[in-house]
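A.B. asks: predicted coordinates and the sequence they were generated for:
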Amino acid sequence: MSTISVVLIVVAIVGLVIVAMAVQSLITTLRSLRSTVEDLRAETLSAVAELRATVALANGEIERVDSLLDTAETVGARVEATSRLAWLVMRNPLVKMASMSVASDRVARRLTRDEREIAVVTPLAISAGERGSSRRKRQSLNTTSRQDRRTS
């Protein structure tokens, strides 16, 4: 045997030892990875189970809220129809009652006025010189204006 074959045999043995050590390290890493995957799987399965329960609960609540919204829309539509019908039925009597209330308020104010507050408007005789006078000029001769009479 020559020295080259001995060197090649030693190099091959050293290479086999290095490959064996690498395989051993790889096997150790794979075992560690397998235990980590098992732990992750166990935790993930429990999380997925909780997630499914939460989704089922949320779906139940969504259905409940959906039915509440449907009920609220139905009630809203009925209230709107009822108020529209009530307005159509009550509009004319309410308008008449409001105008009667305003008229009775005016009458009551006129009846409760003090004699001193009532300004007597005397008719103006049209003389020969005032025949061509305007209506504004005649109205300016009155002692109280229409606005003053309304406020009292």
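C.D. replies: Great, that's in hand. Numbers count the residues shown, from 1 in each chain.
A.B. asks: mind telling me what element residue 43 is part of?
C.D. replies: In the assignment (DSSP states H and E), residue 43 maps to helix 3-111.
A.B. asks: and that helix, how far out from the chain middle?
C.D. replies: 20 Å (C-alpha atoms, centre = their mean, to the nearest Å).
A.B. asks: tell me the mean pLDDT over that helix?
C.D. replies: For helix 3-111, the mean per-residue pLDDT is 92.
A.B. asks: name the residue closest to the centre of the chain, please.
C.D. replies: residue 69 (14.0 Å; C-alpha atoms, centre = their mean).
A.B. asks: from residue 63, how far off is that residue?
C.D. replies: From residue 69 across to residue 63, the span is 11 Å (C-beta to C-beta, to the nearest Å). Backbone N, C-alpha and C define where each C-beta goes, glycine included.
A.B. asks: over to residue 19?
C.D. replies: Counting by C-beta to C-beta - residue 19 and residue 63 are separated by 63 Å.
A.B. asks: now do residue 79
C.D. replies: Here the criterion is C-beta to C-beta. By it, residue 79 lies 25 Å from residue 63.
A.B. asks: swap in residue 4?
C.D. replies: Going from residue 4 to residue 63 by C-beta to C-beta gives 84 Å.
A.B. asks: next one: residue 45
C.D. replies: Distance from residue 45 to residue 63, by C-beta to C-beta: 27 Å.
A.B. asks: check residue 71 too.
C.D. replies: Counting by C-beta to C-beta - residue 71 and residue 63 are separated by 13 Å.
A.B. asks: repeat that for residue 7.
C.D. replies: Residue 7 sits 81 Å away from residue 63 when distances are taken as C-beta to C-beta.
A.B. asks: before we move on, what about residue 98?
C.D. replies: Residue 98 is 48 Å from residue 63, where distance means C-beta to C-beta.
A.B. asks: tally up the residues packed near residue 38, please.
C.D. replies: Residue 38 has 10 neighbours, counted by other C-beta atoms under 10 Å.
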